[in-house]
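**Q** Mind looking at a prediction? Sequence and model below.
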Amino acid sequence: MELESSMRAAALKVAGKLLEAKLNEDTSDYHGQAYRCSCGGTAVYRGRRAKTFVTVVGEITLERAYYYCHECGNGFYPRDKELGLTLGFLSPGVEKMVGASAAMVSFEESHKLLQELANVEVETKEIERTAESLGKDIAEDECSYVPVREAVQKTMYLGLDGTGIPMRHEAVEGRVGKQPDGTAKTREVKLVCVWTAESKDKEGNPIRDKGSVSYNAAIESAAYVEKDESPSEFALRVEREARRTGFENAPRQVIIGDGAKWIWALAYELFPHGIQIVDLYHALETVSTVAKKIFGVESELGEQKAQSWRALIERGAIDEIIEALTSFEEKHPEATTCIHYLETNRDRMRYPLFRRLGLCVSSGVEEAGCKVAIGTRLKRAGMHWTVEGANAIIALRCNRLSRRDEEYWARRNAA
């Protein structure tokens with residue numbers, strides 16, 4: 001293995017020198033003593049200047065024609081733009097490698113991967129800077145490029161959820177949180193997932209189609225007030241994702257989420273004709289938890305009641321659970337909370353009807369999405385984020401997990 005690695009490094013070094021020589025032989029980037037500047041003024045030739053770049057075949061030093069514009073006060077290198085060398089000292093190929101690796105693992109791990117697998121040396125801090133710059137650009141691209149797509153299936157699903165990530169002190173200063181002293185250590189990332197479920201399991205139940213899930217997320221507000229003249233930032237994000245995936249044109253739109261009020265307010269606002277379903281596992285967990293709190297976590301009676309109420313949830317027998325809980329309201333406030341939850345979400349818990357309609361009643365997609373798209377990358381030990389840094393990496397990761405990275409690079413290279 002060491003011999004192979006050494007041979008590969010030597011081959012890349014030779015390739016780098018050949019590329020360097022070939023590019024430096026070409027002086028077509030010289031456009032005379034005067035050249036048009038992007039500001040509309042005239043830039044003056046100031047000679048050729050050298051700069052070392054990191055490419056997929058190692059470091060190369062290029063001599064490039066330099067022009068300076070007195071009208072706008074900016075200097076530029078025509079060759080840099082031609083080769084896509086406009087951000088720092090990384091070639092587009094290395095930039096793309098940094099984006100792909102930093103979307104999936106930490107900046108330090110990304111540094112090691114590029115070193116070990118590609119023999120490319122990029123310092124950890126430069127990987128962080130480049131990844132966040134790419135993520136910011138992807139986030140801006142996501143807002144500006146929103147193609148309208150036809151529905152890929154008659155029935156499409158949209159899931160909404162949120163998960164907290166650890167933040168730097170300045171990002172949570174003054175915010176109310178769940179710490180004993182009332183302060184916050186996290187900020188919530190709001191996530192929207194879209195998928196299809198035409199596939200069936202062995203029992204004939206619909207399951208998520210492989211490769212159909214798209215992710216879009218950010219730390220931003222999903223608040224909705226009727227008097228608001230414009231939708232929240234996250235509502236606009238959900239609209240874009242619905243348009244981009246074809247969900248907005250699906251004949252049958254299904255929205256799945258837990259009992260959070262912001263989810264259903266947003267669902268009513270954007271998809272008034274959609275079928276709303278409370279995730280079955282969340283409903284089962286809710287009644288199971290309240291049973292164990294009332295009768296004791298370790299008690300046999302608590303487990304029996306939990307099983308009984310879970311069975312009633314599966315059958316859609318909400319009134320029976322409410323009737324059973326009513327007698328415990330005086331001594332157990334959690335019983336009242338659960339009753340309110342069941343009454344509020346009654347129509348979203350018609351699981352027997354939803355099954356007859358051939359619908360998923362619990363996807364696990366949004367729960368998994370919080371872990372896959374957010375938690376796996378941004379909730380690791382020792383990580384603390386700024387809002388800007390977190391949103392950049394979230395955009396980078398969602399873009400890759402949703403298989404939209406190649407489209408992004410094609411648009412960027414064509415610009």
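**A** Thanks, I have it.
**Q** which one is residue 358 nearest to, not counting chain neighbours?
**A** residue 206 (6.1 Å; C-beta to C-beta, 6 or more residues apart in numbering). In short, each C-beta sits where N, CA and C put it, glycine included.
**Q** The one you found pairs with what?
**A** Residue 206 has these beta-bridge partners by DSSP bridges: residue 200.
**Q** Helices of the stretch 151-300 of the chain, residue ranges please.
**A** In the stretch 151-300 of the chain, the segments counted as helices under DSSP state H, counting those that start in this stretch are 169-172, 233-245, 261-270, 280-295, 300-315.
**Q** Present those as a markdown table; the columns should include distance to residue 85 and mean neighbour count.
**A** Listed next are the helices of the stretch 151-300 of the chain as a markdown table, based on distance: least, C-beta to C-beta, whole Å; neighbours: other C-beta atoms under 10 Å:
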| stretch | distance to residue 85 | mean neighbour count |
| --- | --- | --- |
| helix 169-172 | 33 | 14 |
| helix 233-245 | 31 | 20 |
| helix 261-270 | 42 | 18 |
| helix 280-295 | 50 | 20 |
| helix 300-315 | 59 | 16 |
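**Q** quick one: the residue nearest to residue 358 and residue 150, what's the gap?
**A** 21 Å (C-beta to C-beta, to the nearest Å).
**Q** what does residue 57 give?
**A** Taking C-beta to C-beta as the measure, residue 57 falls 43 Å from residue 150.
**Q** and if you look at residue 6?
**A** 53 Å.
**Q** And the two? Which one has more around it.
**A** For residue 6 versus residue 150, neighbours defined as other C-beta atoms under 10 Å are more numerous around residue 6 (10 against 7).
**Q** what residues are up against that one?
**A** Residues near residue 6 by C-beta atoms under 8 Å, 6 or more residues apart in numbering: none.
**Q** Let's test this: mean pLDDT of whichever strand or helix holds it, rounded?
**A** For residue 6, the element it lies in under DSSP states H and E is helix 2-25. Helix 2-25 shows a mean pLDDT of 80.
**Q** Against which helices or strands is the next helix or strand after that helix packed?
**A** Downstream of helix 2-25, the next assigned helix or strand under DSSP H and E is strand 34-36. Judged by 3 or more C-beta pairs under 8 Å, 6 or more residues apart in numbering; DSSP states H and E, strand 34-36 is in contact with strand 42-55.
**Q** Give the other helices and strands that the strand it packs on contacts.
**A** Under the contact criterion of 3+ C-beta pairs under 8 Å, 6+ apart, strand 42-55 touches strand 34-36, strand 58-69, strand 74-76, helix 92-104.
**Q** of all the ones you listed, which lies closest to residue 146?
**A** If you check each of the helices and strands packed on strand 42-55 against residue 146 by C-beta to C-beta, helix 92-104 wins as the nearest, at 21.0 Å.
**Q** And for the closest one, what's in contact with it?
**A** So helix 92-104 is in contact with 54-56, 83-85, 87, 90, 109-110, 113-114, 118, 120, 122, 127-128, 130-131, 134-135, 377, 393, 396-397, 399-401, 405, 409, 413, going by C-beta under 8 Å, 6+ apart.
**Q** mind listing what's buried in that helix?
**A** Residues of helix 92-104 classed as buried by neighbour count (16 or more other C-beta atoms under 10 Å): 92, 94-104.
**Q** quick one: low-confidence ranges for the stretch 51-200 of the chain?
**A** Applying pLDDT under 70 to the stretch 51-200 of the chain flags residues 87.
**Q** mind redoing it with 80?
**A** Along the stretch 51-200 of the chain, segments meeting pLDDT under 80 span 86-87.
**Q** sorry, back to before: kindly reformat the helices and strands packed on strand 42-55 as a markdown table containing distance to residue 186.
**A** Formatted as a markdown table, the helices and strands packed on strand 42-55 follow (distance: least, C-beta to C-beta, whole Å):
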| stretch | distance to residue 186 |
| --- | --- |
| strand 34-36 | 51 |
| strand 58-69 | 41 |
| strand 74-76 | 42 |
| helix 92-104 | 21 |
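**Q** Those: which one's closest to residue 294?
**A** Nearest to residue 294, of all these, is helix 92-104, at 43.9 Å by C-beta to C-beta.
**Q** Which element is encountered next along the chain beyond that closest one?
**A** For helix 92-104, the succeeding helix or strand toward the C-terminus, using DSSP H and E, is helix 107-118.
**Q** Could you list the alpha-carbon positions for that following helix in PDB?
**A** Only the C-alpha atoms of helix 107-118 are listed here, as PDB (Å, rounded to 0.1, in the frame of the first residue of the first chain):
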ATOM      1  CA  PHE A 107     -13.600  19.900   8.700                       C
ATOM      2  CA  GLU A 108     -10.700  18.100  10.300                       C
ATOM      3  CA  GLU A 109     -11.900  14.700   8.900                       C
ATOM      4  CA  SER A 110     -12.300  16.300   5.500                       C
ATOM      5  CA  HIS A 111      -8.700  17.500   5.700                       C
ATOM      6  CA  LYS A 112      -7.500  14.000   6.400                       C
ATOM      7  CA  LEU A 113      -9.700  12.400   3.700                       C
ATOM      8  CA  LEU A 114      -8.400  14.800   1.000                       C
ATOM      9  CA  GLN A 115      -4.800  14.100   2.100                       C
ATOM     10  CA  GLU A 116      -5.200  10.300   2.300                       C
ATOM     11  CA  LEU A 117      -7.500   9.600  -0.700                       C
ATOM     12  CA  ALA A 118      -6.500  12.300  -3.100                       C
END
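**Q** quick one, strands of the stretch 101-250 of the chain?
**A** Using DSSP state E, counting those that start in this stretch, the strands of the stretch 101-250 of the chain run over 155-166, 186-195, 199-200, 206-207, 214-218.
**Q** Among those strands, which comes closest to residue 140?
**A** The closest of the strands of the stretch 101-250 of the chain to residue 140 is strand 214-218. By C-beta to C-beta, the value is 12.1 Å.
**Q** Many thanks, I have nothing further to ask.
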